[in-house]
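Novice: Give the three-dimensional model of this entry:
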Amino acid sequence: MALATRTGYSPIQILLHWLIAALVLFQLVFGESMAEAVEAAEEGRTLDAGDQFMASAHYWVGIAILALVALRLVVRLGTGAPAPIGEGVMVKAATAMHHLFYLLLVAVPVTGLMGFYLGDPWGELHQFSKPVFIVLIVLHAAGALFHAFVLRDETLKRMLVPTKS
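Specialist: Residues are numbered from 1 along each chain as shown. The predicted model follows:
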């Protein structure tokens, strides 16, 4: 099985990882524009051009994230992933974190779309995801840095430098 034979990630896996990460960061930083647009619509107010542009960007970036995550899952199923470095509870925690990331990367755009078209409770659920994402990202980055600077293993390097096998 490809999962056991890979020693690192492919260039497309690395590209998708960092592209999705950048788009999620964009959403977290600029996502309030969509909340402002929804509030303005409920109150019958008109948004200025900048807020309208950012709300539209939030919508389309969310759809792009959903499409890229689908592609990432297809690539992962087709090419596999390297075996985790480490053992025991750390590997279980990393596996759980990655599964939670994939769940959020699908559920958050879907609940955003449902909130946009159907309203609450989907919109409220979508907004609740922001702090969850932030906590998960901080833990993920801390884990990567822990591997790089404390354990001094190849975990972080594998998501920076592609391998051929």
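Novice: how many other residues sit next to the nearest residue to Ala148 once chain neighbours are set aside?
Specialist: Spatially, and ignoring its direct neighbours in sequence, Ala148 is nearest to Leu156 (4.2 Å; CB to CB, 6 or more residues apart in numbering). From N, CA and C alone the C-beta is placed, and that goes for glycine too. By other CB atoms under 10 Å, 18 other residues sit near Leu156.
Novice: Pretty sure Leu156 sits against Val150.
Specialist: No. Taking contacts as CB atoms under 8 Å, Leu156 lies outside contact range of Val150: 11.3 Å.
Novice: got any residues that touch both of these two?
Specialist: Common neighbours of Leu156 and Val150 (criterion: CB atoms under 8 Å, 6 or more residues apart in numbering): none identified.
Novice: Sketch out the low-pLDDT regions of the protein for me.
Specialist: The chain contains residues with pLDDT under 70 at 1-6, 164-165.
Novice: the residue most distant from the middle of it, which is it?
Specialist: Taking CA atoms, centre = their mean as the measure, the residue most remote from the mean C-alpha position of the chain is Gly44, 33.0 Å away.
Novice: Need phi/psi at that residue.
Specialist: Per-residue torsions, Gly44: phi 80, psi 20 (degrees, to the nearest 10).
Novice: next one: Ala41
Specialist: Dihedral angles (degrees, to the nearest 10) for Ala41: phi -60, psi -40.
Novice: For the protein, which segments count as helices?
Specialist: 2-5, 11-30, 32-43, 49-79, 89-118, 122-146, 155-158 (DSSP state H).
Novice: Pick the most buried one from those helices.
Specialist: Most buried of the helices of the chain, by mean neighbour count (mean count of other CB atoms under 10 Å): helix 155-158, with a mean of 18.
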